[in-house]
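Q: kindly return the folded structure for what I paste below:
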Amino acid sequence: MGKQHSRMRPKIDRKTVFGSREKEVYRIPALFYDRDGQILMAFAEKRRTSNDNSSVALVMATGKLEKDETTLEVKWSEMKLVSEAQLCGHRPMNPCPVYEKTSKTLFLFFICVEGTVSEQWQRRLGCNKARLCYITTKDAGQSWSDVTDLTDRLPEIKQWATFAVGPGHGLQTKTNRMIVPVYAYASRSHSCCIGCFRTEPYALALYSDNKGETWHFGKMLKNVSLECEMAEFIDDKNQSIIYCNARTKGDHREEAVSKNNGNSFSNLSGAIKLVETVNGCHESIVSFPAQGEAEDTEGNQNQSPNKWLLFTHPSSKSKRTKLGVYLNRSPGEQNVNAWSKPWVINPGPSGYSDVAYIDDGCFACLMECGKNSEIEQIACRLFSYNEVIQGIGE
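A: I've put the predicted structure just below:
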């Protein structure tokens, strides 16, 4: 398969970025790599407790990459509040950064939920109390714009019991379409009357074709699907494919692909190798250039970027532990053997994660982890493609 390509070797194994303590819990990591500034931007929710209803603010930290010909390390800043990510009377949740490369603008999407209203309450009553918001920065988070609230501009939101973005990163495709991963609970009622409604979640894409000026929703996945991330890869015909990997209520992850830039998705029925942790858990997916692959199986030169996929998720079926890294060199194929076995990069308690490709065959993974519980800290782990290959036993 691919030759070992990267010469880089991360110098620091793992570094705490957000550390929880009494009455201060950090959850829901999101990660973006600014290639121009060679800066990692990490985001998370600051909560009073581990409960989803206790979020009070979004926080961020920046990590400056320092590298030479063979080594790579990151120096993290102190954490700071993203005070602009607020709506009065609402709590911010689910940070989801997406970069617009032509204007060099980072959009930080998030939802704002009224008061301490829970997702379960919204689903039960069919009454949506979440709003869709974003702020932007052009200086790596040193300053932010005011909040833009898109809720009333998107009529689909009124049809849903509730929804959320990501969490984790979005993407911009080779055609410059910006895509934000979303999941929503369809509702049969538009009112907030007392009642009980049957709602099911489905993943979909929120997209913009004009640098974030206007936004639209694509169609929902056909199968039940929750928190998700998406990545673009290029097939052998040089066609862009959007791959979606979503949390489910079952034993295996939901995988789907789109050949129309995220407008709609078709299921990968043969993809049954990626297991879901009991009760489900968020994952991360990123595409990256094929490493050391000079030609394809027919001897033709292969110049396609973003051909391979990297996936991170707890590899245990029974509980949130053993965060695994999985490699896929043939994305989009309905092949049960497309995904490698996991390389476990955190053997202990492991929760949500977000991964970014740094270039030079190196990756950064922002992950919930700890000794006794996955909510003890959010840490960053650097690793190389070479380590992935060794870890999966190739």
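
Q: helices of the protein, residue ranges please.
A: Counting by DSSP state H, the segments of the chain that form helices are 119-125, 385-391.

Q: can I get the first one in PDB, CA atoms only?
A: Read that as helix 119-125. This file holds the C-alpha atoms of helix 119-125, laid out as PDB (Å, rounded to 0.1, in the frame of the first residue of the first chain):
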ATOM      1  CA  GLU A 119     -32.800  18.500  24.100                       C
ATOM      2  CA  GLN A 120     -35.100  15.800  25.600                       C
ATOM      3  CA  TRP A 121     -37.700  18.500  26.500                       C
ATOM      4  CA  GLN A 122     -37.700  19.900  23.000                       C
ATOM      5  CA  ARG A 123     -38.000  16.500  21.400                       C
ATOM      6  CA  ARG A 124     -40.900  15.500  23.700                       C
ATOM      7  CA  LEU A 125     -42.900  18.700  23.100                       C
END
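
Q: would you mark the buried spots in it?
A: Neighbour counts over helix 119-125 (16 or more other C-beta atoms under 10 Å) mark 119, 122, 123, 124, 125 as buried. (Glycine included, C-beta is placed from N, CA and C.)

Q: in a markdown table, list these along with pLDDT.
A: Formatted as a markdown table, these follow (pLDDT from 0 to 100):
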| residue | pLDDT |
| --- | --- |
| 119 | 92 |
| 122 | 92 |
| 123 | 90 |
| 124 | 88 |
| 125 | 88 |
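
Q: partner residues bridging the nearest residue to residue 86 once chain neighbours are set aside?
A: Leaving aside its chain neighbours, residue 86 sits nearest to residue 92 (6.1 Å; criterion: C-beta to C-beta, 6 or more residues apart in numbering). Per DSSP bridges, the residues bridged to residue 92 are residue 112.

Q: show me what contacts residue 337?
A: Neighbour list for residue 337: residue 273 [criterion: C-beta atoms under 8 Å, 6 or more residues apart in numbering].

Q: on that earlier part again, now the buried residues of helix 119-125 as CSV including distance to residue 329?
A: Shown next, in CSV, are these (distance: C-beta to C-beta, whole Å):
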residue, distance to residue 329
119, 37
122, 41
123, 39
124, 44
125, 46
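
Q: mind listing the strands for the stretch 51-200 of the chain?
A: Counting by DSSP state E, counting those that start in this stretch, the segments of the stretch 51-200 of the chain that form strands are 55-67, 71-76, 80-81, 90-100, 105-114, 130-137, 148-149, 160-165, 171-172, 178-186.

Q: no, scratch that, I was asking about the stretch 201-350 of the chain
A: Counting by DSSP E, counting those that start in this stretch, residue ranges of the strands within the stretch 201-350 of the chain are 201-208, 216-217, 228-234, 240-246, 254-258, 266-267, 284-288, 308-314, 321-328, 343-359.

Q: format the ones you listed as JSON lines; extra columns: mean pLDDT and distance to residue 24.
A: Formatted as JSON lines, those follow (pLDDT from 0 to 100; distance: least, C-beta to C-beta, whole Å):
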{"stretch": "strand 201-208", "mean pLDDT": "97", "distance to residue 24": "30"}
{"stretch": "strand 216-217", "mean pLDDT": "98", "distance to residue 24": "35"}
{"stretch": "strand 228-234", "mean pLDDT": "95", "distance to residue 24": "27"}
{"stretch": "strand 240-246", "mean pLDDT": "94", "distance to residue 24": "30"}
{"stretch": "strand 254-258", "mean pLDDT": "93", "distance to residue 24": "34"}
{"stretch": "strand 266-267", "mean pLDDT": "90", "distance to residue 24": "41"}
{"stretch": "strand 284-288", "mean pLDDT": "96", "distance to residue 24": "24"}
{"stretch": "strand 308-314", "mean pLDDT": "96", "distance to residue 24": "24"}
{"stretch": "strand 321-328", "mean pLDDT": "96", "distance to residue 24": "23"}
{"stretch": "strand 343-359", "mean pLDDT": "96", "distance to residue 24": "17"}
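
Q: re earlier: closest to residue 168 among the buried residues of helix 119-125?
A: The closest of those to residue 168 turns out to be residue 119 (C-beta to C-beta; 17.5 Å).

Q: residue 50 contacts residue 376, correct?
A: No: with contacts counted by C-beta atoms under 8 Å, residue 50 stays clear of residue 376, the gap being 10.4 Å.

Q: and those two? which has more neighbours close in?
A: Higher neighbour count among residue 50 and residue 376: residue 376, with 20 against 12, using other C-beta atoms under 10 Å.

Q: now the strands of the stretch 201-350 of the chain in a markdown table, with mean neighbour count and distance to residue 58?
A: Listed next are the strands of the stretch 201-350 of the chain as a markdown table, based on neighbours: other C-beta atoms under 10 Å; distance: least, C-beta to C-beta, whole Å:
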| stretch | mean neighbour count | distance to residue 58 |
| --- | --- | --- |
| strand 201-208 | 24 | 18 |
| strand 216-217 | 16 | 23 |
| strand 228-234 | 25 | 18 |
| strand 240-246 | 24 | 23 |
| strand 254-258 | 24 | 27 |
| strand 266-267 | 14 | 33 |
| strand 284-288 | 25 | 18 |
| strand 308-314 | 26 | 22 |
| strand 321-328 | 24 | 23 |
| strand 343-359 | 23 | 14 |
